[in-house]
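**Q** I need the structure of the sequence given here:
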Amino acid sequence: MIADIWHSFRSLPLWVQIWVFGILVPVNAAAILWVDAPYGGWVAALAIGGMLPNVWIMLRMRGFPRSMAVPHVLVWTPLVALLVWLLSGLGGASDGYIRYLWLLRAVDLISLGFDYVDTYRWLRDR
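**A** Numbering: from 1, shown residues only. This is a model prediction of the structure:
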């Protein structure tokens, strides 16, 4: 199983490999560092919650199928809405937290741009 998952991962374009494990996963996982910030628990739950179902999908499918986009669409769409709201007037938050929220919003918006397309393709091909 591990070999199948590794082969599937390595068959992705190099830029996707770098995007997923060099940017997307670390930026979303970093939300746990801000859990004590205003709404930090919600941000962390949604940021990490959009990734956790993919562990099960990856193990079950023995790779990286398009269906991995579905949890992102379902969980990160509300996260981005929350981030837009927080960034429109979050008083009392540290500068570091505000910068992190901007980064998280940018990264997840980029991801959702791909994820909506992959979700559509996955649903169409089912």
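
**Q** need the helices for the chain, in chain order.
**A** Counting by DSSP state H, the chain has helices at residues 2-11, 14-18, 25-29, 40-49, 52-61, 69-87, 95-125.

**Q** Reformat the ones you listed into TSV and put mean pLDDT and mean neighbour count next to each item.
**A** All C-beta spots, glycine's among them, are computed from the backbone N, C-alpha and C. Output for the helices of the chain, formatted as TSV (pLDDT from 0 to 100; neighbours: other CB atoms under 10 Å):
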stretch	mean pLDDT	mean neighbour count
helix 2-11	92	12
helix 14-18	96	11
helix 25-29	98	16
helix 40-49	98	19
helix 52-61	95	14
helix 69-87	97	18
helix 95-125	97	15
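
**Q** Not counting sequence-adjacent ones, nearest residue to the residue lying farthest from the centre of the chain?
**A** Within the chain, residue 92 marks the point farthest from the mean C-alpha position, 26.1 Å out by CA atoms, centre = their mean. Sequence neighbours aside, residue 38 is the residue nearest to residue 92 in space, at 6.5 Å (criterion: CB to CB, 6 or more residues apart in numbering).
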